[in-house]
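In: Everything below, folded, please.
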Amino acid sequence: MKKYLAAFMAILLSLAVSLPAFAAGWEQLQSGEWMYYNSDGSALADAWVQSGGAWYYMGPDAVMMTENYTPDGYWVNAQGVYEPQWGRRTDAVSPYVNQPYGGIYSYSFYKDVYGDGVEHWSITESYGGKVLSTYELYEQSPFSYEIMDIYSGHSMGYVSISPDRNIAYVTMGGYTQRCYAAQ
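Out: Got it, this is the predicted structure:
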């Protein structure tokens, strides 16, 4: 009898170990960015989460947004915390077209208008004068865009434009870069 009980317990233990257990909460990735997971194991994206009395915005790539305006117009600081003293943006502003915004990487915005009058935006990422990638942009608000990989269809990040059009806040991989328009 002990032999069967031991075998039964071993089976139960192996099942318990093999079944995934999900707990809602934060996870810091090796690269340093933060993600928030729902209790079903899915990553929270394009949504606010309240934690420890503060509000954080999870971007379209499911990474906590930092030092940028959220699509609904609120500023989050370097720690990702919403700062109410900045107020809410409601302006409509587009980036300069065919003019680079420079930082560690440079970004140039392009706009095409299709025959039916629909605007189509794209962004080119460069480093050291060499073009690295071109991404599609999908409007999130009158001043912000989701960055999508053309080939895979995956969200790569988010970009917002400052009210004076001179700064592009580019968030990809949990890091936000302030890129300044060439003068």
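In: Number of residues surrounding the residue lying closest to residue 75 once chain neighbours are set aside?
Out: With sequence-adjacent residues excluded and distances taken as CB to CB, 6 or more residues apart in numbering, residue 75 is closest to residue 86, at 3.8 Å. The C-beta positions use only the backbone N, C-alpha and C, and glycine is treated the same way. Summarising burial for residue 86: neighbours were counted as other CB atoms under 10 Å, giving 13.
In: do residue 53 as well
Out: For residue 53, the count of nearby residues is 6 (other CB under 10 Å).
In: now it: how far from residue 141?
Out: Per CB to CB, to the nearest Å, residue 53 is found 26 Å from residue 141.
In: now residue 103
Out: The spacing between residue 103 and residue 141, counted by CB to CB, is 22 Å.
In: Residue 67 and residue 76 touch, don't they?
Out: Yes. Under the criterion of CB atoms under 8 Å, residue 67 makes contact with residue 76 at 7.1 Å.
In: Between those two, point out the one with more neighbours.
Out: Taking neighbours as other CB under 10 Å, residue 67 and residue 76 compare with residue 76 leading, 25 against 16.
In: give the contact list for that one.
Out: When the contact criterion is CB atoms under 8 Å, 6 or more residues apart in numbering, the partners of residue 76 are 56-57, 65-68, 70, 82-83.
In: coming back round to it: quick one: the residue nearest to residue 75 from residue 136, how far?
Out: When distances are taken as CB to CB, residue 86 and residue 136 turn out to be 29 Å apart.
In: Against which helices or strands is the strand or helix carrying residue 158 packed?
Out: Using DSSP states H and E, the secondary-structure element containing residue 158 is strand 155-161. Strand 155-161 is packed against strand 68-69, strand 130-141, strand 144-149, strand 167-172, with contacts defined by 3 or more CB pairs under 8 Å, 6 or more residues apart in numbering; DSSP states H and E.
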